[in-house]
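Asks: here is my input, please return the structure:
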Amino acid sequence: MSKPYFQFKRFTVWHDRCAMKVGTDGVLLGAWTSVEGARHLLDVGTGTGLIALMLAQRAAPDARLVALEIDAAAAGQASDNVAHSPWSGRIEVVRADFKHYHSPVKFDVIVSNPPYFTDSLRCPDPRRDAARHNQSLSYGKLLEGVARSLAPNGTFSLVIPADAAETVKSLALAHRLYTVRQTNVFTKPGKPARRSLLAFAFEACPRMADELFVEKEGGGYSPEYIELTKEYYY
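Replies: Residues are numbered from 1 along each chain as shown. Sure thing, here's the model as predicted:
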C-alpha cells in the first residue's frame, strides 16, 4: 500500500483524499514553469495543491497564488496542505469551476496539469474519472479561460500527452496564444516521447524547444531530471 503523503524538501503533500495522487507530471510542471517576475499566479485544477506549493517555493516573497479546484474533497486536502506549508499566507485555495471563474486581477503565470484521457476507458470511480478525463474541462475551454485570465505579458504552462501537443497548439492559436517554449519528455532513451511541457504567451517569439529524459539508460533518474527537481527532492 502506497503512503498517503509525499515528502518534499520543504513541504509535505498529503493525497489520500484526492482522486489523483502526486505524480511525475505535476512535479515536472511545477519545476519547469518559469516564475521570474511573477506576482500573481494561478494553478488550474490544483488537486493536492502540489504545483501551487512548488511555484510558491520559487516565486518572489510578495507573490500571491490562487489554487483553483472544482472537487470538494481535493480542495479540502489542498487547503490542509497549504495550511501546513511555509507559504500558507500566500496561497488561496478556491473551490470553483474554471469555466465560470473570473478574477479581479490578471495572472502573470497560469499553470495546469489538466485531465487528458479523452479517448481512454472510463474509470468506475466518478471522482477519479473526472480527474482523468477532459469532459469536465476540455482543452478548448481551458484555453478560453486562460485567454480571459492571463495578463498581457503573462505565460501559460501545462503538461499534456505528447500526441496531443499539436492539437493544443492549434487550439491556442485561436485565442492568439503562441507557443514560446516546448520540452518533450521521454521516460527513458529508446522510448517515444510520453509528455510535452508547453508554455504559451500572447506575443509570438522564437520558440525554445528541447528534450528531457526522466530516466537514464540502465535505470535511475537522469542527470537533467535531477537538476530540474533538485530544489524539491532529497
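Asks: run through this protein and note the low-pLDDT ranges.
Replies: 1, 116-135 (pLDDT under 70).
Asks: what about 90?
Replies: 1-2, 19-20, 115-137, 206-207, 218, 234 (pLDDT under 90).
Asks: do a quick rundown of the strands in it.
Replies: 5-7, 12-14, 40-44, 64-69, 91-95, 107-112, 150-161, 178-186, 193-201, 208-213 (DSSP state E).
Asks: show me what the second one is packed up against.
Replies: Which is strand 12-14. strand 5-7, helix 72-83 (3 or more C-beta pairs under 8 Å, 6 or more residues apart in numbering; DSSP states H and E). In this view, the C-beta of every residue, glycine as well, is placed from N, C-alpha and C.
Asks: how about residue 77, nearest residue that isn't a chain neighbour?
Replies: In space, and not counting its chain neighbours, residue 77 is closest to residue 17: 4.4 Å by C-beta to C-beta, 6 or more residues apart in numbering.
Asks: the one you found contacts residue 74, correct?
Replies: Yes - counting by C-beta atoms under 8 Å, residue 17 does reach residue 74; the two are 7.1 Å apart.
Asks: which of the residues in stretch 10-24 are buried?
Replies: By 16 or more other C-beta atoms under 10 Å, the buried positions in stretch 10-24 come out as 11, 13-15, 17-22.
Asks: and which of the residues you listed is nearest to residue 198?
Replies: Lowest distance from residue 198 to the buried residues of stretch 10-24 (C-beta to C-beta) belongs to residue 20, with 19.8 Å.
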